[in-house]
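> Take a look and give me a structure for this.
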Amino acid sequence: MIRGGLIREFKMSINPGMFKGTTIIAVRRDGKVAIAGDGQVTLGTTVVKKGAVKIRRMREGTVLAGFAGSTADALTLFDKFEAKLEEFRGNITRATVELARDWRTDRVLRRLEALLIAVDMEHSFIISGAGDVIEPEEGIAAIGSGGPYASSAAKVLLRHTDMDAKTIAVEAMKAAAEVCIYTNDQISVEELK
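Coordinates of the predicted model:
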């Protein structure tokens with residue numbers, strides 16, 4: 001598991017050829033964690049859907065996950081991650097590490113183009129197909145084309161306001177939607193308390 005080292009992830013998340021049409025952010029504050037995502041799906045330079053939901057509750061609502069990247073690939077990864085959560089009885093740390101290992105080593109899985117954020121009440125992880133399992137600092141994790149914008153906005157709000165995690169996540173998404181052409185303001189949000 002890597003702590004810090006987010007530079008490689010940010011390069012992946014803003015590469016124009018990958019992960020267009022998505023911004024996902026997780027924010028942790030005061031014993032709560034929220035994940036917010038935009039609803040835009042693009043095909044090339046065309047918006048094909050405005051209201052997609054890219055966040056899922058898992059493990060009887062105790063884990064949240066969000067994706068950036070190819071929808072079919074992400075849904076496959078959601079299923080694999082959910083199976084790992086069941087296999088390791090809800091241990092999110094073990095499930096993320098095992099998913100990343102399988103994702104990196106399996107011939108079929110390693111072709112999947114997506115990133116995942118997974119959170120529970122104690123941990124936030126960014127998971128990539130390169131085998132990375134990153135637990136970001138400051139309680140903020142962001143992926144997708146608007147990830148760097150949302151992350152920056154959330155850091156400022158976390159440091160300089162008393163807003164709760166859910167409000168910060170939504171406001172950070174709104175900021176990203178104003179500058180990222182692949183992010184819209186049709187925001188879905190889930191929270192763990």
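> Could you use CA atoms for every contact and neighbour count after this?
Noted.
> Show me what secondary structure element comes after the helix or strand of the chain with the lowest mean pLDDT.
Confidence across the helices and strands of the chain bottoms out at helix 7-14, with a mean of 38, counting by mean pLDDT, DSSP states H and E. The helix or strand immediately downstream of helix 7-14 is strand 23-29, counting by DSSP states H and E.
> Output the contacting helices and strands for that following strand.
strand 32-37, strand 63-69, strand 114-119, strand 140-144, helix 147-160, helix 165-179 (3 or more C-alpha pairs under 8 Å, 6 or more residues apart in numbering; DSSP states H and E).
> Strand partners (parallel or antiparallel) of that strand?
Strand 23-29 sits in its sheet next to strand 32-37 (antiparallel), strand 140-144 (antiparallel), going by DSSP bridges.
> Do I have it right that residue 132 meets residue 100?
Yes: using C-alpha atoms under 8 Å, residue 132 is in contact with residue 100, at 6.4 Å.
> Which residues are in contact with each of these two?
Residues touching both residue 132 and residue 100 (C-alpha atoms under 8 Å, 6 or more residues apart in numbering): none.
> Spatially central, which residue of the protein would that be?
Geometric centre of the chain, nearest residue: residue 117, 3.3 Å, by C-alpha atoms, centre = their mean.
> tell me which residues form a beta bridge with that residue?
In this entry, residue 117 is beta-bridged to residue 66, residue 126, by DSSP bridges.
> what's near enough to touch it?
Neighbouring residues of residue 117 by C-alpha under 8 Å, 6+ apart: 24-26, 65-67, 124-127, 141-143.
> Let me see the mean pLDDT of the longest helix seen in the chain.
The longest helix of the chain (DSSP state H) is helix 71-87. Helix 71-87 shows a mean pLDDT of 91.
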